[in-house]
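Peer 1: Okay, here's the prediction I keep looking at, along with the sequence it came from:
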Amino acid sequence: MASADFSVAPHAAAHPLASPGYGKRSAPRQSPRRADDFAHLPRREAAIAAYIDRLPDGAAIDAKTLAKCLPDYGQMACATALRRLSEAGHLRRVREHLITEDGARWVTRTFFSRAARGEEWWEAFVRGDDAPEPRPAAVRTPAAPTRTPAYDALASLGRADPRMTLSAADCARLEPRAAAWLARDADPGRLVQALTSGLPVQVHSPAALARTRLEAKLPPEPVPEPRAEITISRLLECTDCGRPGPPTALPGGLCRPCRGETEPLSPGGLSPAEVRRRAAAIRSDVRTHEG
């Protein structure tokens, strides 16, 4: 068993990312990180698991990349560790069918769970039953009217520079323009800086100057956020070889051949040895008749 002191390699921030859309993904409903999260694992697997746990989503966590970043372990050791982490329930390799702003596509991601998850949990995750329970809407009591961030920013100009002190009436008149500014740049500090920096020696009308600057220095419209990905379906892949299949066919995240088991015969099927025996008999019979 491993101790909680994992002295594995470099800082996770230097780890390379996978191609966009691929790589590590944190499993949902993670518990807070603890020092003994992986103490039940052998030392090597615990060290590699602790390293993967600190990586951001999108990091490349294939065996080859891990071996390059962890000088204590070679590629074969990292591959074995990934297999054992899969068997222990900490990770699964998942093929996802996504809808993005560029269209539909399949991607392969490795979902990592800080807690070891059982087969039923991973089966539910692949089915898409991982969404958190909706919380009932909180009943809100009407709040007392408050001043807006735009009004407060205008009222604070005099503290930043006395030459830009505004009256209450000035703040009320300019509030819609300041609100339009903050809708594009939500930092009131930058608004105050734009209205108070580089002032002339004498400011005869602070309200007029503030209005001019609010119009002339209005930030551009923000770039729209990219459309969120929509997951259509999921399919497990074998952690070792990438063979796809339903969760029931990949216990521990591994297919039968990678678990060292033979493929089951289809109903009425023949074993490889029986096929070879019958083929040899047919060839012998053909030679007999030709002779």
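Peer 2: Nice, I can see it.
Peer 1: separation between residue 192 and residue 181?
Peer 2: 11 Å (C-beta to C-beta, to the nearest Å). To be clear about C-beta, it is placed using only N, CA and C from the backbone, and glycine gets the same treatment.
Peer 1: These two: which is more packed in?
Peer 2: residue 181 (24 against 20; other C-beta atoms under 10 Å).
Peer 1: need the contact list for that one.
Peer 2: For residue 181, the contact set (C-beta atoms under 8 Å, 6 or more residues apart in numbering) comprises 150, 191, 214, 218, 219.
Peer 1: With residue 118 instead?
Peer 2: residue 89.
Peer 1: swap in the one 5 residues further on?
Peer 2: Applying C-beta under 8 Å, 6+ apart, we find residue 123 in contact with 247, 248.
Peer 1: swap in residue 154?
Peer 2: Here residue 154 is in contact with 166, 170, 171, 174, 175, 178, 210 (C-beta under 8 Å, 6+ apart).
Peer 1: switch the cut-off to 6 Å
Peer 2: 166, 171, 174, 178 (C-beta atoms under 6 Å, 6 or more residues apart in numbering).
Peer 1: same check, this time on residue 26
Peer 2: Residue 26 makes contact with residue 57 under the criterion C-beta under 6 Å, 6+ apart.
Peer 1: Need the pLDDT of the residue nearest to residue 20 when sequence neighbours are not counted.
Peer 2: Setting aside the residues directly before and after it, residue 20 is nearest to residue 58 in space (C-beta to C-beta, 6 or more residues apart in numbering), at 7.7 Å. Reported pLDDT at residue 58 in the predicted model: 90.
Peer 1: Touching, residue 58 and residue 19? I think so.
Peer 2: No. Residue 58 is beyond contact range of residue 19, at 9.2 Å (criterion: C-beta atoms under 6 Å).
Peer 1: When those two are compared, which one has more neighbours?
Peer 2: residue 58 (16 against 9).
Peer 1: any idea how far the more buried one is from residue 88?
Peer 2: 23 Å.
Peer 1: Helix, strand, or coil at the nearest residue to residue 209 once chain neighbours are set aside?
Peer 2: In this structure, residue 209 finds its nearest non-sequential neighbour in residue 203, 5.8 Å apart by C-beta to C-beta, 6+ apart. Secondary structure for residue 203, judged by DSSP: H, G, I helix; E, B strand; the rest coil, is coil.
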